[in-house]
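Trainee: Quick one, what's the 3D model for this:
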Amino acid sequence: MQNIERQAQKKGIELKDYGRCQFCGSNTRGGVFECFDVFNDLAMTFMEGNHLFTFIYADAHCLQHSEVHGGWNNNLHLTRQYLILEQAIAWEYAKTSQLSNILDQYKRTHPDILIPALPLQQRGHLTVTDLIGLKQKELESMVFKWAMDVYHSYDRYHTNAKVVGDLYINKYER
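Mentor: Predicted coordinates:
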C-alpha cells in the first residue's frame with residue numbers, strides 16, 4: 001500500500017486527523033488516519049483465515065478512499081470485486097498480478113476508461129468502523145455486506161469492470 005500522506009500531497013489534498021473520515025464518513029474521532037488504523041488493525045484478523053475476505057476487505061476500503069491511492073486504483077479494485085462477488089472466482093494473491101497485467105494492457109488502448117472516485121461519503125453506507133467488535137462469523141458476514149454495499153455504490157461503472165474482468169477470465173480462468 002502506498003503512503004496515504006504522499007498520495008494526498010501529490011493530489012493537493014489535506015488529510016484531516018479529526019472527526020469522521022473525510023472520504024468514507026466512518027465514525028471516527030481521528031479522521032482518515034483513525035479510519036486507516038482501524039482498517040490495518042482488523043486486517044490482521046483475515047491474514048490467517050479465509051483469504052477471500054482479505055481481498056474483498058481491501059477492495060471495499062480502497063474504493064472508499066480513492067484519493068489516497070493511485071489513478072487506476074478503482075479499476076483494479078472494482079474489477080476484482082466483480083470477479084469475486086459476481087463471478088465467484090476463488091481469489092489468490094497471484095491472481096492480482098495477473099489482473100494488473102490485463103488492466104495495464106487494456107488501459108494502453110482505453111485510457112479514457114478510468115473509473116473516477118465517487119463523491120465523498122457516497123461510496124457505500126457501511127464503513128470499516130461498522131466491523132469493530134464483531135466476532136469471526138459476524139465479522140465475515142459484515143465484510144461481505146460491506147463489500148457488496150461499496151460494489152453497488154459504483155454500479156454505473158460495473159460495465160467497465162466487467163470488460164476487464166472478462167478479459168481476465170478469458171485468459172486465466174478457462
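
Trainee: residue closest to the middle of the protein?
Mentor: Centroid-nearest residue in the chain, with C-alpha atoms, centre = their mean: D59, separated by 2.2 Å.

Trainee: Could I get the phi/psi values of it?
Mentor: phi -60, psi -50 (degrees, to the nearest 10).

Trainee: these two touch, right, it and Q81?
Mentor: Yes - applying C-beta atoms under 8 Å, one finds D59 in contact with Q81, separated by 5.0 Å. Just so you know, the C-beta spots here come from the backbone N, C-alpha and C atoms, and that holds for glycine as well.

Trainee: hey, which helix or strand in this structure has the poorest pLDDT?
Mentor: helix 31-47 (a mean of 89; mean pLDDT, DSSP states H and E).

Trainee: Could you check that one and say which residues are buried?
Mentor: Across helix 31-47, burial judged by 16 or more other C-beta atoms under 10 Å covers 31-36, 38-39, 42-43, 45-46.

Trainee: how about the helices of the chain, start to end?
Mentor: Here the chain has its helices, by DSSP state H, at 4-10, 31-47, 51-64, 73-81, 93-109, 136-153, 158-168.

Trainee: most packed of the ones you listed?
Mentor: With neighbours taken as mean count of other C-beta atoms under 10 Å, these reach their highest mean count in helix 73-81, at a mean of 25.
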